[in-house]
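In: this one's structure only:
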């Protein structure tokens, strides 16, 4: 057993799967759940994701508290927990952006921000809610932790051990670099897919276009099926990095446009060949 | 049996699968193959995709001749066939763009352009070559035919019957509309995926970015694994429609950029929600 009491704030897909994996691994003694929706919490108890529903004060007495919430709610939730936090308690999160979460922890926890370990599991699904939670969600997936220079070393070690017990591969990154990397490989692709589908949907004859869309379109736009609310929050929470990525992408598309407009066959072949080679190289590493 | 002799010019994935499907359906008597690569043609005979390797003059004596080639080669190949075409022979193609193919047929075939039925099977795979050919490639897939006002009605009916015998659903579209629709739902997504991957690959610290790319990135960029040569040819062959789609997409991304820059949460939610709804609506129809 790694810790005795784990508290989950927000028992949905992410929090519920974390709880389930750790229970199955025997890594935690008791799992407490807290949130705003009693019906959802009771369902989580029935599914065995959590053992008991508790209030903020009792959740703050756990050995480790995971926030699995929209990142915009981090500061308000930490303010609720702060007055009740037991000595030595560790707080962590599972949000998609990190610099803003680290800032929220500093603001809400004061001196106790050293007990906060920011984290981001690179796992998910188009499904959400506790009904979708499963013990193997994190199996073989990456989890990025973004500790600060003054984060307690034993708090970091405990959070790492918990994620590893859940089956994940843990890596650490600087919080700002995390946000730039995920703006590039996750946030921008989502925005690009949403923009493409919406642009077609807005056309008067959009149905004719969708009618002939096939498997390439299906894969390219799969991520446009993700939660609009979540992606609105992420785009705003990681605004600066997202703008930088959008600008780089707009410049790349303008370059491609120039090559098409000037019928520069060599430039087109160079762009497409480099992209395919880079993707094949990446895919080979992924498959290992 | 729909026709006695079928000739395939370019016995790769597309041409080979057409031949195999029609043989299995008993829709053709004999299948002739013609091309530039003797080794590839012999392999196609061994695999039973074609019965015999013939020259241009003999291929032109078939009842129906399918060109399954890069669209840029259409006019030159039709010029080879033209002097030998038997009376009543039907010529068709399987290229990804249609206005330029129709123009090539008019230029190369003269009066006989009425025997030419332009077509585009919406099927394919990241694989290519005759070794990848399979009888069920077109099963349940759409094939778009783009006949002209003066195309022979019986030629159109025969080509339609052949594709239906291969398992496809045949639709007709105006050639120019075909090119606009596929610029939007196929060519632009491919270019957008190539541009995104290349932009990351060009960065000095690109490896750090690719390292954290996950399933969303994998699906969004799958089409960047397609043939660079083929997509160079398509981008140039459908240049005007591709430029129009690139401009519409650049405008949509600029709109999204403005919403992020001004922290317009409502505008972002509206774009993402419309996109998700449109994609769900499309997907539901696809699944039927």
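Out: Perfect, I can see it now. What you see is a predicted model; the values in this text were computed from it and never measured.

In: If I look at the closest residue to chain B within the stretch 1-150 of chain A, what pLDDT would I see?
Out: The stretch 1-150 of chain A approaches chain B most closely through residue A:122 (4.9 Å), counting by C-beta to the nearest C-beta. Just so you know, the C-beta spots here come from the backbone N, C-alpha and C atoms, and that holds for glycine as well. Listed pLDDT for residue A:122 reads 94.

In: again, but for residue A:86
Out: Looking at residue A:86, its pLDDT reads 97.

In: Also residue A:283?
Out: 89.

In: Buried residues, the one helix or strand it maps to. List them.
Out: When secondary structure is defined using DSSP states H and E, the element that contains residue A:283 is helix A:265-287. Within helix A:265-287, the residues that qualify as buried are A:267, A:268, A:269, A:271, A:272, A:273, A:274, A:275, A:276, A:278, A:279, A:282, counting by 16 or more other C-beta atoms under 10 Å in any protein chain shown.

In: Would you confirm that the fourth one contacts residue B:197?
Out: Spelled out, it's residue A:271. No. Using C-beta atoms under 8 Å, residue A:271 is not in contact with residue B:197; the gap is 9.4 Å.

In: Next up, the contacts around the residue of the stretch 1-150 of chain A closest to chain B.
Out: Under the criterion of C-beta atoms under 8 Å, 6 or more residues apart in numbering or on different chains, the neighbours of residue A:122 are A:141, A:142, A:143, A:144, B:212, B:214.

In: which ones among the buried residues of helix A:265-287 come in contact with chain B?
Out: A:268, A:269, A:271, A:272, A:273, A:274, A:275, A:276, A:278, A:279, A:282 (C-beta under 8 Å from any C-beta of the partner chain).

In: what's the most distant pair in these?
Out: Looking at those by C-beta to C-beta, the two members farthest from one another are A:268 and A:282, with 21.4 Å of separation.

In: In terms of helices and strands, where is residue A:109?
Out: Following DSSP H and E, the helix or strand that holds residue A:109 is helix A:99-109.

In: same question but for residue A:209, I mixed them up
Out: helix A:206-211.

In: And residue A:4, by the same measure?
Out: Secondary structure from DSSP H and E places residue A:4 in strand A:3-9.

In: Mind jotting down where the strands sit in chain A?
Out: Defined through DSSP state E, the strands belonging to chain A, from first to last, are A:3-9, A:28-34, A:52-53, A:64-67, A:90-93, A:116-117, A:119-121, A:142-145, A:169-172.

In: Generate TSV for those strands, with distance to residue A:245 and mean neighbour count as supplementary columns.
Out: Written out in TSV, the entries for the strands of chain A read as follows (distance: least, C-beta to C-beta, whole Å; neighbours: other C-beta atoms under 10 Å in any protein chain shown):
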stretch	distance to residue A:245	mean neighbour count
strand A:3-9	30	23
strand A:28-34	35	22
strand A:52-53	40	16
strand A:64-67	26	26
strand A:90-93	23	26
strand A:116-117	26	27
strand A:119-121	17	25
strand A:142-145	17	22
strand A:169-172	21	15
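
In: Can you lay out these as a markdown table showing distance to residue B:43?
Out: A markdown table is the format used below for these (distance: least, C-beta to C-beta, whole Å):
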| stretch | distance to residue B:43 |
| --- | --- |
| strand A:3-9 | 59 |
| strand A:28-34 | 60 |
| strand A:52-53 | 67 |
| strand A:64-67 | 58 |
| strand A:90-93 | 57 |
| strand A:116-117 | 59 |
| strand A:119-121 | 48 |
| strand A:142-145 | 43 |
| strand A:169-172 | 44 |
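
In: tell me which of the ones next to chain B among the buried residues of helix A:265-287 is nearest to residue A:260?
Out: Proximity of those to residue A:260, judged by C-beta to C-beta, is greatest for residue A:268, which lies at 6.9 Å.

In: show me what contacts the residue lying closest to residue A:194 once chain neighbours are set aside?
Out: With C-beta to C-beta, 6 or more residues apart in numbering or on different chains as the criterion, residue A:194 has its nearest non-adjacent residue at 4.3 Å, and that residue is residue B:275. Contact analysis of residue B:275 by C-beta under 8 Å, 6+ apart lists A:193, A:194, A:195, A:196, A:197, A:198, A:201, A:224, A:228.

In: Recalculate using a threshold of 10 Å.
Out: Applying C-beta atoms under 10 Å, 6 or more residues apart in numbering or on different chains, one finds that residue B:275 lies in contact with A:190-191, A:193-202, A:221, A:223-226, A:228, A:231.
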